[in-house]
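Participant: sequence and predicted structure are below.
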Amino acid sequence: MPGEATGIGLMPQQLKVDDETPITRLIVRAQSGDTTAFDELMIAHERRVVAIAWRMLGNREEARDAAQETFLRVYRHLHGFDSGRDFSGWLYRIVVNVCRDQARKRGRLSLTNDKNEVSALAGDHDVEADAIRTQQRALVVRALATLSQKERAALVLRDLEGLATEEVARILGSSPTTVRSQISSARVKIKEFRDRWLQPGRKER
Amino acid sequence: MTCTHIQDLLPLFTGGDLSLQKADSVRAHLFACQDCSSAAADYEASQSWLSSSSKPNFDDLFFESLRESVWRDIRTEANAAPRASAWTWLLATVTLALLCAGVFIARRDASRGKGTQIQPPIVGEEAHRVGPSDSSGAREPSPKTIETRRTRGSMSNVKRLHVLTTRWEPGLPELPSMRNHLVEAIPLTPLIPMTVLGTFVLTASSNRLPVETSPVLRRMEIQTSDPTVRIIWLVAEETPRPLVDLDLDININE
């Protein structure tokens, strides 16, 4: 969860990764053509990539397509990646761009219920709890749909992925001030949505 | 700070996005203001709801299938690349072959033009008179004036020029007797076949004239009855002579 207060207007420094990290070693091996290493890289990051894609696009199948395209782009361009740099930040940038391209092709965010998700829960014996969770997820999708593409990207990376504002700014290619403005606007809209749908009798401020 | 200002800052405050100084100011206000404190709690609950409810539900099979799809795409791209290279090589080879053929054809046509330079013959001391042998005023030819070059070439693509003068005027530059003799015919434009333009240069200038003679090189252009055939005659003369128009019947036999 985000908890650090940062100075306003400070530009982020390039993050350098210790050469000894397991991810760095995997990257180096994958760059030399080791397919097992690339597979391990995918396993290490696939859940995060899919989660971002799902939150950005609101649809299971589209999230899968976006994640697939993301890893394909990573494979194509891995040879040019400096293993000393922050791989996660680079990966985030790719998945955000892929989701943006996909959303642009599709149009507005889909607000329909994800039927695939409902059927995936059929095997679980706690049906009621799962149904509630499914409903909550659907509401989150609708809440995120009230945001603009940029607000959604900033909010997902900051509040749901826990990245620092400066890193979010670097990934999105904008300034920390702009990101803070987008996050603030997004949080207001999410709160208003929640108040409207989950607490309809409550007086609006 | 007023409540309005504080509530504008609450979305950033609850997410930890304010500077330390501003966060302290907001915190101090919230300690004293019930309404703003309640609003801050609402924002925190909203963020908490978003975080807890937005966890996607994807099982291991989903991720396994995702990785398989990625590897399938990678293999498809890898297989497509060599095919594209094969086409590129084929195209490059065909282009190169066409270029070579074009150069070969151009050089062949250029050599065809030179190939007409055959024979030679009339040189030196032979008397060359053109026109009626009994024309009065025909000048005695200078044996050194006209000399054709000897060339080598194929007989199969020679254009034989038989220049038959029908009129002879005194003071004309000497021309070799063309009857039954081949003269040098050089296409003016080496890259274009003679059959296309039919323009020739009949050179009668010699490369072996002595330096001290300082000959005058005279150029005559003769337009034949065939509009595509024009004869340009170069004559090296020791003594300049006035030029007159010639009326020549030229038969070109292949």
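Facilitator: Here it is on my side, so go on. Residues are numbered from 1 along each chain as shown, chains lettered A, B, ... in the order given.

Participant: which SS class is B:I231?
Facilitator: Secondary structure for B:I231, judged by DSSP: H, G, I helix; E, B strand; the rest coil, is strand.

Participant: and the residue in the stretch 51-200 of chain B positioned nearest to chain A, how far is that from B:Q47?
Facilitator: At 3.9 Å from chain A, B:S53 is the closest residue in the stretch 51-200 of chain B, using CB to the nearest CB. C-beta here means a position set from N, CA and C on the backbone, and glycine is covered the same way. Remark: distance between B:S53 and B:Q47 (CB to CB, to the nearest Å) = 11 Å.

Participant: same deal with A:R170?
Facilitator: From A:R170 to B:Q47 the distance is 23 Å (CB to CB).

Participant: same deal with A:L157?
Facilitator: As judged by CB to CB, A:L157 and B:Q47 stand 14 Å apart.

Participant: which one's more surrounded, the two?
Facilitator: Shown here are A:L157 and B:Q47; by other CB atoms under 10 Å in any protein chain shown, A:L157 has more neighbours (26 against 22).

Participant: contacting residues for the more buried one?
Facilitator: A:52, A:92, A:96, A:163, A:167-168, A:171-172 (CB atoms under 8 Å, 6 or more residues apart in numbering or on different chains).

Participant: and which of those is nearest to chain B?
Facilitator: A:I52 (9.5 Å).

Participant: report the contact partners of the closest residue in space to the closest one that isn't next to it in sequence.
Facilitator: Nearest residue to A:I52 in three dimensions, chain neighbours excluded: A:V95, at 5.2 Å (CB to CB, 6 or more residues apart in numbering or on different chains). Neighbour list for A:V95: A:49, A:52-53, A:56, A:66-67, A:70 [criterion: CB under 8 Å, 6+ apart].

Participant: narrow the residues you listed to those in helices?
Facilitator: With helices taken from DSSP state H, the overlap with the contacts of A:V95 comprises A:49, A:52-53, A:56, A:66-67, A:70.

Participant: export those residues as CSV, with columns for neighbour count and pLDDT.
Facilitator: What follows is these, written out as CSV (neighbours: other CB atoms under 10 Å in any protein chain shown; pLDDT from 0 to 100):
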residue, neighbour count, pLDDT
A:V49, 25, 95
A:I52, 26, 94
A:A53, 28, 94
A:M56, 25, 91
A:A66, 27, 96
A:A67, 31, 96
A:T70, 26, 97
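
Participant: for those residues, which one is nearest B:G15?
Facilitator: Closest approach between these and B:G15, by CB to CB: A:I52, at 18.0 Å.

Participant: which residues touch the closest one?
Facilitator: Applying CB under 8 Å, 6+ apart, the residues near A:I52 are A:92, A:95-96, A:99, A:156-157, A:160-161.

Participant: can you list which of those residues are found in helices?
Facilitator: A:92, A:95-96, A:99.

Participant: dump the residues you listed into CSV; add pLDDT as well.
Facilitator: Formatted as CSV, the ones in helices among the contacts of A:I52 follow (pLDDT from 0 to 100):
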residue, pLDDT
A:Y92, 94
A:V95, 96
A:V96, 95
A:C99, 94
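
Participant: give me the buried subset of those.
Facilitator: A:92, A:95-96, A:99 (16 or more other CB atoms under 10 Å in any protein chain shown).

Participant: can you pick out the most distant pair from those?
Facilitator: Farthest pair in these (CB to CB) is A:Y92 and A:C99. Separation: 10.6 Å.

Participant: related to what we said a few turns ago, nearest to A:A131, of the contacts of A:L157?
Facilitator: Of all the contacts of A:L157, A:A131 sits closest to A:I52, with 25.3 Å by CB to CB.

Participant: how far away is the closest one from A:V98?
Facilitator: 10 Å.

Participant: how about stretch A:183-194: buried residues?
Facilitator: Buried positions in stretch A:183-194, judged by neighbour count with 16+ other CB under 10 Å: A:183-191, A:193-194.

Participant: which residues touch it?
Facilitator: With CB under 8 Å, 6+ apart as the criterion, stretch A:183-194 contacts A:142-144, A:146-147, A:151-152, A:154-155, A:158-159, A:165, A:204, B:11-12, B:14-15, B:17, B:42-43, B:45-47, B:49-50.

Participant: stretch A:21-39: how far from the chain's middle?
Facilitator: Centre-to-centre, stretch A:21-39 and its host chain are 23 Å apart (CA atoms, centre = their mean, to the nearest Å).

Participant: do me a favour and get the backbone dihedrals for A:R133.
Facilitator: phi -60, psi -40 (degrees, to the nearest 10).

Participant: show me where pLDDT drops low in chain A?
Facilitator: Scanning chain A with the threshold set as pLDDT under 70 gives A:1-20, A:107-125, A:199-205.

Participant: let's see 50
Facilitator: Counting by pLDDT under 50, the ranges of chain A that qualify are A:1-17, A:111-113, A:115-122, A:203-205.

Participant: helices along that one, start to end?
Facilitator: Using DSSP H, helices in chain A cover A:22-31, A:35-57, A:60-77, A:87-106, A:115-120, A:127-145, A:149-155, A:165-172, A:176-198.

Participant: can you put the contacts of A:L157 in a markdown table and add distance to B:W87?
Facilitator: Formatted as a markdown table, the contacts of A:L157 follow (distance: CB to CB, whole Å):
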| residue | distance to B:W87 |
| --- | --- |
| A:I52 | 38 |
| A:Y92 | 37 |
| A:V96 | 36 |
| A:L163 | 45 |
| A:E167 | 44 |
| A:V168 | 44 |
| A:I171 | 39 |
| A:L172 | 40 |
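
Participant: which of the residues you listed sit farthest apart?
Facilitator: A:I52 and A:E167 (13.6 Å).

Participant: show me how far stretch A:156-165 is from its chain's centre.
Facilitator: Distance of stretch A:156-165 from the chain centroid (CA atoms, centre = their mean) equals 8 Å.

Participant: tell me which residue is most central in chain A.
Facilitator: A:I52 (2.4 Å; CA atoms, centre = their mean).

Participant: confirm B:N57 sits in a strand?
Facilitator: No - using three-state DSSP, the assignment for B:N57 is coil, not a strand.

Participant: my read: it touches A:Q136, true?
Facilitator: No - using CB atoms under 8 Å, B:N57 makes no contact with A:Q136, being 10.9 Å away.

Participant: give me the pLDDT for B:A28.
Facilitator: For B:A28, the model assigns a pLDDT of 94.

Participant: mind listing what it touches?
Facilitator: Here B:A28 is in contact with no residues (criterion: CB under 8 Å, 6+ apart).

Participant: gap between the residue of the stretch 51-200 of chain B closest to chain A and B:D42?
Facilitator: Relative to B:D42, B:S53 is positioned 16 Å away (CB to CB).

Participant: cool, B:A97 as well?
Facilitator: B:A97 sits 78 Å away from B:D42, going by CB to CB.

Participant: for B:V94, grab phi and psi.
Facilitator: Dihedral angles of B:V94 (phi, psi; degrees, to the nearest 10) stand at phi -60, psi -40.
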